[in-house]
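Engineer: my questions are about this predicted structure, shown below with the sequence.
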Amino acid sequence: MLSERRPWREAWFPNGEWMLLVVLAVEIAVFSAIGKNFFTWANLSEVIRLSVELGLLAVALSPVILTGGIDLSVGSMMGLAAVVFGAAWRDGHFSIPAAAATALVLGAAGGSLNALLITRFGIPPIIVTLGTYSLFRGIAEGITRGAVNYSGFPAPFLRLGQGYWWGVAPVQLPLFLLVVAGYALLQHRSTLGRKLYAIGFSAAGARYAGIRVERPVALVYVLSGLVSSLAAIIYVAHLGQAKSDAGTGYELAAITAVVLGGTSVFGGRGTIWGTLAGLFSISVLQDGLRLAALPSELTGVLTGAVLVLTIALGRARRAPRRARQPAPSDATIEEAPEMRNTQLAVLCAAVLAGSLIVAGTNIWLVHSLRPADAVTGAALMPAGPPASHRPVIAMMPKAKGDPYFVSCREGAEEAARETGADLIWDGPTGLDPARQNEVVEGWITRRVDAIAVSVENSAGISTVLRKARERGIRVLTWDADAAPDARDYFVNQATPQGIGFTLTDEAARLMGGQGEFAIITGALSAANQNAWLGFIKERLAQYPRMKLVTIRPSDDDRDKGFAETQTVLKVYPQVKLIMGIATSSVPAAAEAVRQSGRKDVFVMGLSLPNLNKPYVHQGVVQAVVLWNTKDLGYLTVYAAALLVRGQIPPGATGFEAGRLGAIEIRGDQILLGKPVIFNKENIDRFNF
Amino acid sequence: MLLEAAGIRKSFAGVHALRGVSFDLRPGEVHALVGENGAGKSTLVKIIAGAQTADAGSLRVAGQLVEHYTPAMARALGVAVVYQQPALFPHLTVAENIALALESGGPSRGLWRRVDWRASDGRARELLARAGCVIDPRRLVSSLSMPEQQLVEIAKAIGARSRVLILDEPTASLGTREAESLFGVIDSLRAAGAGIVYISHRLEEIVRIADRATVLRDGQTVATLARGAFGPAELIRLMVGREISAIFPKCELPLGEVVLETRALGSRAAGIRDVSLSVRAGEILGLAGLGGSGRTEFAETLFGLTPADAGEILLGGRPVRIGSPSEAIHRHRIAYLPEDRCRHGVVLEMPITANTTLAHLEAVSRHGWLDNAAERSLTRGLVERLRVKTDSLYTPAGALSGGNQQKVALARWLGTRPAVLILDEPTQGVDVGSKSEIHALMTDLAKQGVAMIMISSDLPEIVGMSDRIAVMHRGSLAGILNRGEATQERVLSLALGAAGAA
Amino acid sequence: MRRGREVALALAILAVAAVMALGAPGFFRFENQRDLVMANMPVAIVALGMTLVILTGQIDISVGSQFAVLSVAAGVLAKSGLPTPAAAVATCLAGALAGALNGALVAYARIPSIVVTLATMVALRDGLRWVTQGAWVQDLPPGFQWFGQSQASSEALTFGAVVLLVAAFAWGLGNLAAGRAFYAAGSNPEAARLAGIDPARVVFAAFTITGALTGLAAFANAVRFSQIPSNAGLGLELQVIAAVIVGGVAVTGGQGSVAGVLEGVILLGMIGPALIFLNISAYWERAIQGAIILAAVALDHGKATRALRRADAAALENHAQRA
């Protein structure tokens, strides 16, 4: 009896994709219970919109991984394509379609470079794309000098990324479905797809069957470049800006989705719909955590756990399936050596328990070392004076782990306690404008009372903030502003101009108005730092005898900032002052100057007092310019709470902000005061 | 007794591979182990070598009852195995491979022991010489041919001074001359008191060198016979459980036009030169030669894997250039059943359907889109025609037995309706039943007018099945024999390069 | 022949050095060389472990996250009152434990290493963010920085230790049975098993050693500063993997040398500072690094191209040999 039917489970779930459906179902069940407004059409629509760019990359990577390859350059290609698209439109005066076509051609060209090196030169894909990963992003940074931000795109184009069909379906959805359908047909229904599977299982075997191995392989890399640039165009429309940092880190997220979706990294196994299931189990998890106001760091921890568990279960499941097949010929199938299951279980359990103990002790130790008033874990703050309605205030930093924003949070929590509000503190873990939009979308779905955002990218976030205002949510910006009509008030701690000028003036004072100096930035593409740099250069016109010799990036990594400063000191021995304009670059520069033993070099810049206290006392750091970050967080939440309760009427010129006393409102700006210069005299009075 | 295995049982997740096998080995004897594929020979070998653990039964090695047996223990007890697929490290040199095999006594001791590479060079050279070959010990194993790798394995086993040497199809990839020298090595080891377990599908070898032979069938011991009590026919009867009357279903046919002709064909990359021969429609041209004589390389040149750079290829009288397998298949209707079934013949993980249609996807697709129904019906036809034993068209090829895998590989090429079919060792590692089915199929194809080139190391097969026999020696043609004049002896002497044999 | 990559890299390093000698001789001043060595020390130490991992045909992309967690752990342990040497040992042990978790999942649970370490990469990094909320470890005990010694002697100590470590790895991989086990397990795991080497155990050891070395690197790096950031090691995994691969270790396992890896670390480590010395704008740095990685691996592409033509390197070599 010769069966022509594939068992339904193998036909539909050849790689255990059903496990992802279980994961998805569990996620939906849990978040429907604990998340606010999770199980709604509006939220579904948002989840889809936010998954499109990543989804495109994941779908394009599926056949690449299917052939046993990998493409690490997709995120970088997004950055390059976004920049080229922006430049073609704004500087080249191309029409939007022409600029899009240019970007797509570029994407295909970049993909072809990968394909050429992989198939013609025979270099392993991981090496090739590791190289182009740096190359593409590097070219994007090079041609924009990290700073150029193309924005002001016409509204019809922006609708592609921000609009809706019939008020519900995101505009990019049909495009996404089209690409998915195309890839699904390619991989599962075409002869080309069949060849990809054969190549993935055994390139040599495919060759002996007369398949020209190089062609299908080259094609998937070219397509992967092409789809990356398509993703870049949608990303630009979604955020309203094109910058060299577009798609940073997307490659790993996309690979995670593909692998989670059951595609084998060894090649030969995988389905497009499995990739979609993997993609949505990650994005639903992210969205659900947001709506349940749980810390977003859980995403990484849970994704990691789900990844390991599903793959491990998949392996365990595949083994017994083999048993039902006829006796294997002893020459061909190499039986896996029997695992001594009990030993393995004991080993894994021991390792797991060990790491849990280490993690637990670390948590305990870190907790015990932290200042008492810092609060971790769930972001919902209990206590506070009883009120009929506790306003829910959602507050977003630019980057969650940044010590600067951590100190803002302390003040914010203090104000939340005093005003009886519930504070949700969430945001991206690194500078990521796209993620900021996602978080705000989540809050709108959750229907919070007030949103306060430290804006990474004004053009991108203003659309969502406007939407929030339309839904009756009070919107504040703090730290960095959005478009004026996108928010009620801006809590202004200091303008970029004020910061730039104060830094320059303080540097000039230290240097006596003459000599060379160097600047260590955070990331080359950080928008606020580029704005400050602009004002620093403008102000330097007043000090003709001061010369800015170099600007070096530290990638927000203290150790890199340290090494860069060391080199700067040697290459430019005349430098009299190092200015750091990112939180970690001032202590980094200070350590480098201290270790060089150079007493004649000043260090100053924009940073947190606590990180620099030792250096200020040692006389290495002369001045730290900053406002009181704790007060900034405090004032923002305080103002938000009053606004929600209607206690700041339109046209008000001031209000009482708890321990800060009277605060001035000028127009639509709430003023915190001037930047403070911290030095040996006053630094011990501050603790943040 | 060097080895005593009693009542060995082993099953893989419910499938019984061994169902109570007993086996023993005395010092100074060659004990052959025969059986069809899937009879349990390799599983038994792996259990003796400690690579797998028996579910039940007892095993004594050198008189000692072993438990928690590992490959390292087996080595310590003097058991050495030469597997069918050489177990060598391709990125290390010959000397390093031999040294690793001889020196690592297992991870428990000597983890921090220093390996003396310099001394190992000389010893490797000596051991290789004793194995009857000359290979530079500093060459990387990845640069060795299959027979050379096999010889390195044998050198390893000699060096280990093993009391028990297990040879699993050692001559499968060896040419006749290497096989002869291997028999010499076996004789001297036997004389020195070692016991040898010899596994082979070549029954004439077994009759020649074995002192005893044990026949396995379906995981059970059928019989153990002493020398003189077994001949090939007897062994075959025990292996298959029935008599096979006609081994080679060859029938004389009128031959057609010349389909393929090569004139002074050469390829530097493939290492062949000056090969001139022709095949007619309905003809089976046997291609004999020692391992490494250029037989497979000639086939790969015709198939476009290593394109020719000298001479010419004529198809139907017209000169053609064959630059890739794809051209060979689609433009010239040449099919090639490769020698290495598992790596090249089929894709083990893919189902029978996909394997069958892989070389001619256009037949089951329209404008590049697959038609599943067409694929199923085409596969079904071929599976039934070749009598592939399976219960579903979607069974992965890797789950089939060797003979059935080979049938699937053949089905792929039958689907392309080739004008020229090159078969490289079509029955190597294939059980007796499938073997005769494949031979019958070849006869069928000949009747349909397919021109065939059959490469084989199996002399009775090549003499029995071929209309003419071309013999290669060191990359070029040594002679062509007609069916009437071909004997195993003449083929062999041409292959050995003996002058004037033709 | 087998040393092709090492020679090519040595030439590339010499070429960069020659450019620097002409363009910016200050590059070779002792202070600069010392600072360069110290700055690249974490990469060099972790690269030794990564060499083992890649030799066995695996990959570990979690080392950057491990480095961050272990840096914080080093500081927290030192602050908890442990003497500095004990804290160093404890950090290495914690690293070995993290590596062992990866190793157990790869070697015994048989999950592909890229999946396992992708999971631990995001989980460790996000877990650390969650626990620390971005706070740095400050107010370290006085005996912590420079192991309580002078900067020069501490640096000499670290440098000496790294040199010893590199030499030990280079010698051990080539000459010890344990070293050859990594090549064997990566070259042909089945053959290794039959030769009495347990490939699972070798893979497990490779990950565990990498974890321990990451702990060592984190600790040795932490003592150079007076406070410890909680986001250390960003992108360390890519730096290390790039150095190892450029250094000629085959991603398919079984092939490569410590000497090549060391050259890879040196070449990639000197490019960034060299660009500053040559007054090349920072904005093009990443592009140039990418181009150099591609150029370095394309140097011996000839061999690889031939291999691809047959998709079957071994068979090809056979023909070449016989021809």
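Structural biologist: Yep, it's here. Since the structure is predicted, the reported quantities are computational estimates derived from the model, not experimental observations. Numbers count the residues shown, from 1 in each chain, chains lettered A, B, ... in the order given.
Engineer: how about the CA coordinates for stretch B:89-106, as PDB?
Structural biologist: C-alpha atoms of stretch B:89-106 as PDB (Å, rounded to 0.1, in the frame of the first residue of the first chain):
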ATOM      1  CA  PHE B  89      40.400  13.800  10.200                       C
ATOM      2  CA  PRO B  90      40.600  15.600   6.800                       C
ATOM      3  CA  HIS B  91      42.300  18.700   8.100                       C
ATOM      4  CA  LEU B  92      45.200  16.800   9.800                       C
ATOM      5  CA  THR B  93      48.100  15.100   8.100                       C
ATOM      6  CA  VAL B  94      48.500  11.400   7.600                       C
ATOM      7  CA  ALA B  95      51.100  11.200  10.300                       C
ATOM      8  CA  GLU B  96      49.000  13.200  12.700                       C
ATOM      9  CA  ASN B  97      46.000  11.000  12.000                       C
ATOM     10  CA  ILE B  98      48.100   7.900  12.700                       C
ATOM     11  CA  ALA B  99      49.700   9.400  15.800                       C
ATOM     12  CA  LEU B 100      46.300  10.500  17.200                       C
ATOM     13  CA  ALA B 101      45.000   7.000  16.700                       C
ATOM     14  CA  LEU B 102      47.900   5.400  18.400                       C
ATOM     15  CA  GLU B 103      48.600   7.800  21.100                       C
ATOM     16  CA  SER B 104      45.300   9.000  22.600                       C
ATOM     17  CA  GLY B 105      44.500   6.400  25.100                       C
ATOM     18  CA  GLY B 106      41.200   8.100  25.900                       C
END
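Engineer: what comes up buried for it?
Structural biologist: B:89-104, B:106 (16 or more other C-beta atoms under 10 Å in any protein chain shown). C-beta here means a position set from N, CA and C on the backbone, and glycine is covered the same way.
Engineer: now, those that are in helices?
Structural biologist: Secondary structure of the buried residues of stretch B:89-106 is defined by DSSP state H; positions in helices are B:94-103.
Engineer: which one of those sits closest to A:L309?
Structural biologist: B:L100 (37.5 Å; C-beta to C-beta).
Engineer: residues near residue 197, how many?
Structural biologist: If you meant another chain, say so; for now it's chain A. 24 (other C-beta atoms under 10 Å in any protein chain shown).
Engineer: switch to chain C, please.
Structural biologist: What C:I197 shows, counting by other C-beta under 10 Å, is a neighbour count of 24.
Engineer: same thing with the one 10 residues further on?
Structural biologist: A total of 30 residues lie near C:F207 under the criterion other C-beta under 10 Å.
Engineer: so where does it fall, helix or strand?
Structural biologist: Assigned by DSSP states H and E, C:F207 belongs to helix C:199-222.
Engineer: and for B:K156?
Structural biologist: Counting by DSSP H and E, B:K156 is found in helix B:146-159.
Engineer: that helix: what's the following helix or strand?
Structural biologist: Next along the chain after helix B:146-159, taking DSSP H and E as the criterion, comes strand B:164-168.
Engineer: what's around the closest residue to A:P170 other than its chain neighbours, how many residues?
Structural biologist: Leaving out its chain neighbours, the residue that sits closest to A:P170 by C-beta to C-beta, 6 or more residues apart in numbering or on different chains is A:R49, at 3.9 Å. A:R49 has 24 neighbours, counted by other C-beta under 10 Å.
Engineer: mind checking how far A:R49 is from C:V162?
Structural biologist: Distance of A:R49 to C:V162, computed by C-beta to C-beta, to the nearest Å: 50 Å.
Engineer: in stretch A:608-620, what counts as buried?
Structural biologist: So, applying 16+ other C-beta under 10 Å, buried residues of stretch A:608-620: A:608-616, A:620.
Engineer: distance to A:F39, secondary structure and pLDDT for these - can I get that in a markdown table?
Structural biologist: As requested, the buried residues of stretch A:608-620 are exported to a markdown table (distance: C-beta to C-beta, whole Å; DSSP: H, G, I helix; E, B strand; the rest coil; pLDDT from 0 to 100):
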| residue | distance to A:F39 | secondary structure | pLDDT |
| --- | --- | --- | --- |
| A:L608 | 41 | coil | 90 |
| A:P609 | 46 | helix | 90 |
| A:N610 | 43 | helix | 89 |
| A:L611 | 44 | helix | 90 |
| A:N612 | 48 | helix | 91 |
| A:K613 | 49 | helix | 91 |
| A:P614 | 52 | helix | 89 |
| A:Y615 | 52 | helix | 92 |
| A:V616 | 53 | helix | 93 |
| A:V620 | 56 | coil | 92 |
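Engineer: enumerate every residue touching the closest residue in space to B:A179 that isn't next to it in sequence.
Structural biologist: Leaving out its chain neighbours, the residue that sits closest to B:A179 by C-beta to C-beta, 6+ apart is B:T171, at 4.4 Å. By C-beta atoms under 8 Å, 6 or more residues apart in numbering or on different chains, the contact list for B:T171 reads B:178-179, B:182, B:200, B:202, B:205, B:457.
Engineer: which of those lies closest to C:A298?
Structural biologist: B:E178 (40.5 Å).
Engineer: output the helix or strand hosting the closest one in CSV with nothing but the alpha carbons.
Structural biologist: Applying DSSP H and E as the criterion places B:E178 in helix B:176-191. The C-alpha trace of helix B:176-191 is given here as CSV (Å, rounded to 0.1, in the frame of the first residue of the first chain):
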residue,chain,number,x,y,z
THR,B,176,42.4,-5.2,-7.3
ARG,B,177,46.1,-4.6,-6.6
GLU,B,178,45.4,-2.8,-3.3
ALA,B,179,43.1,-5.6,-2.4
GLU,B,180,45.8,-8.1,-3.1
SER,B,181,48.2,-6.4,-0.9
LEU,B,182,45.5,-6.1,1.8
PHE,B,183,45.1,-9.9,1.7
GLY,B,184,48.9,-10.2,2.2
VAL,B,185,48.6,-8.0,5.2
ILE,B,186,45.7,-10.1,6.5
ASP,B,187,47.7,-13.2,6.1
SER,B,188,50.7,-11.9,8.0
LEU,B,189,48.5,-10.7,10.8
ARG,B,190,46.7,-14.0,11.0
ALA,B,191,50.1,-15.7,11.1
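Engineer: packing partners of it?
Structural biologist: When contacts are defined as 3 or more C-beta pairs under 8 Å, 6 or more residues apart in numbering or on different chains; DSSP states H and E, helix B:176-191 sits against helix B:146-159, strand B:195-199, helix B:203-209.
Engineer: out of the ones you listed, flag the one nearest chain A.
Structural biologist: strand B:195-199 (10.7 Å; C-beta to the nearest C-beta).
Engineer: just how off-centre is that closest one within its chain?
Structural biologist: 18 Å (C-alpha atoms, centre = their mean, to the nearest Å).
Engineer: touching chain A at all, it?
Structural biologist: No. Strand B:195-199 does not reach chain A (C-beta under 8 Å from any C-beta of the partner chain); its nearest approach is 10.7 Å.
Engineer: so is that strand next to chain C?
Structural biologist: No. Strand B:195-199 is not in contact with chain C by C-beta under 8 Å from any C-beta; minimum separation 15.7 Å.
Engineer: what's the angle from that strand to strand B:164-168?
Structural biologist: Counting by axes from the mean of the first three to the mean of the last three C-alpha atoms, to 10 degrees, strand B:195-199 lies at 10 degrees to strand B:164-168.
Engineer: list the pairing partners of strand B:195-199 within its sheet, with orientation.
Structural biologist: Using DSSP bridges, the strands paired with strand B:195-199 in its sheet are strand B:30-34 (parallel), strand B:164-168 (parallel).
Engineer: same list, those, but as TSV with distance to B:R412 please.
Structural biologist: Output for the strands paired with strand B:195-199, formatted as TSV (distance: least, C-beta to C-beta, whole Å):
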stretch	distance to B:R412
strand B:30-34	30
strand B:164-168	28
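Engineer: got CSV for these, with distance to A:A582 and mean pLDDT too?
Structural biologist: Written out in CSV, the entries for these read as follows (distance: least, C-beta to C-beta, whole Å; pLDDT from 0 to 100):
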stretch, distance to A:A582, mean pLDDT
strand B:30-34, 73, 92
strand B:164-168, 66, 90
